[in-house]
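>>> Fold the following.
(one chain, ligands or ions: 2)
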Amino acid sequence: MGFFSRKEKKGEIANVSDLASIPEIKAILETGKEAVFLNPKRSSEPLPFSVSKMGGEPNMNAFDAWPECSDCKTLYIFVLQLYKSEYPEFPFPEGSDLFQLFRCPNDDCKGAYDECSDHLMQWFYSEAITDSNKEIQRPSADGDQLEEPIPDCLFNPERRLDYDSQSLYVDLEEKYDNFEDVIEVFYEKYGSPVGTKINGHPDWIQDNATPECKCGKEMTFFFQLSGSDEGDDGEPPHGLSIGDMGNIYFFGCDNCGVESITTLWDCS
Ligand SMILES: [Zn+2]
Ligand SMILES: [Zn+2]
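Ligands and ions are numbered 1, 2, ... in the order given. Okay, the predicted model is just below:
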């Protein structure tokens, strides 16, 4: 080893399974936040409008017509809906108990590929009426640049702690020779696959870009729509790749409520 390339000796962790004794890991374990991993899977049958799900027939009771893109006027595709009765940990403003998400399927829309999302996203809160559905069908419209409607996918929710482990690799690699063994043990015990989830931590692929609200407060992450969800064939069951295995991150301000909701996205 040359004079100028002298390398500092790294350490060795004696017992890799005693994670709490490693300061860098201890710090990550303190970031644990309750999350609901939704694990969407393709349904073999159409799911009713009265359940939380992705794709298929949405609850249309809050609409007078099928919603269209505010920018290019293309009819939206329905992404997902969450009922408060099933997901009370999702943020609902007073008087509403249904959250619905739509997106513009048009790749050439002016609202596509900006800093907020790959395709323009639109969300609606309403009061859930589930005894009967309003008969509003999405007229089928196909064009070369349009994303396909999303097929019915049911959720297989798993509630567990989610850790902010973004800096794990860098933190450990710098200090320990056997950092890879530690990372393996960490992921076995505490890791979660990247996917669509409520709360927890955003799985930034690029740098952390948590936004600040107009009022000056740092915004709170509350939902992630993911192109990394895996169906039985390893592909996203909903067909959304969001760039290349990207995620759309939803943030809101505790002071300013639903009006402040904003999204950011990234991909590899
Ligand atoms: Zn559009
Ligand atoms: Zn605010």
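>>> what about residue 169, helix or strand, and which?
Secondary structure from DSSP states H and E places residue 169 in helix 168-175.
>>> Would you indicate which residues of whichever helix or strand comes after that helix are buried?
Note on helix 168-175: by DSSP H and E, the next helix or strand toward the C-terminus is helix 179-190. Using 16 or more other CB atoms under 10 Å as the test for burial, helix 179-190 gives 179, 182-183, 185-186, 190. Just so you know, the C-beta spots here come from the backbone N, C-alpha and C atoms, and that holds for glycine as well.
>>> again, but for stretch 228-237
Those would be 228-230, 236-237, for stretch 228-237 by 16+ other CB under 10 Å.
>>> Take those and keep only those in helices.
Among those, no residue falls in helices (DSSP state H).
>>> Please render the residues you listed as a markdown table that adds pLDDT and distance to ligand 1 to the earlier fields.
Converted to a markdown table, these look like this (pLDDT from 0 to 100; distance: CB to the ion, whole Å):
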| residue | pLDDT | distance to ligand 1 |
| --- | --- | --- |
| 228 | 97 | 24 |
| 229 | 97 | 23 |
| 230 | 95 | 28 |
| 236 | 96 | 21 |
| 237 | 97 | 24 |
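>>> Grab the two from these that are most spread out in space.
Greatest spatial distance in those: 228 and 237, 11.4 Å, computed using CB to CB.
>>> shared neighbours, the two?
With contacts defined as CB atoms under 8 Å, 6 or more residues apart in numbering, no residue is shared by residue 228 and residue 237.
>>> what does the stretch 151-268 of the chain have sitting close to ligand 2?
213, 215, 217, 253, 255-256 (CB under 5 Å from the ion).
>>> Of the buried residues of helix 179-190, which is the nearest to ligand 2?
residue 190 (31.7 Å; CB to the ion).
>>> got the contact list for that closest one?
29, 161, 163, 165.
>>> of all those, which two lie farthest apart?
161 and 165 (11.4 Å).
>>> These two: which is more packed in?
More crowded of residue 161 and residue 165, by other CB atoms under 10 Å: residue 165, with 20 against 13.
>>> if I pick that one, what's in contact with it?
Per CB under 8 Å, 6+ apart, neighbours of residue 165: 28, 31, 186, 190-191.
>>> how does it look with 10 Å?
Going by CB atoms under 10 Å, 6 or more residues apart in numbering, residue 165 touches 25, 28-29, 31, 171, 183, 186-187, 190-192, 201, 203.
>>> Okay, and the spatially most central residue of the chain sits in which element?
Centroid-nearest residue in the chain: residue 224, 1.4 Å away (criterion: CA atoms, centre = their mean). According to DSSP H and E, residue 224 maps onto strand 220-226.
>>> packing partners for that strand?
strand 33-37, strand 77-83, strand 98-103, strand 197-199, strand 247-253, strand 257-266 (3 or more CB pairs under 10 Å, 6 or more residues apart in numbering; DSSP states H and E).
>>> want to throw these into TSV with mean pLDDT and mean neighbour count?
Output for those, formatted as TSV (pLDDT from 0 to 100; neighbours: other CB atoms under 10 Å):
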stretch	mean pLDDT	mean neighbour count
strand 33-37	98	18
strand 77-83	98	22
strand 98-103	98	23
strand 197-199	98	23
strand 247-253	98	23
strand 257-266	97	17
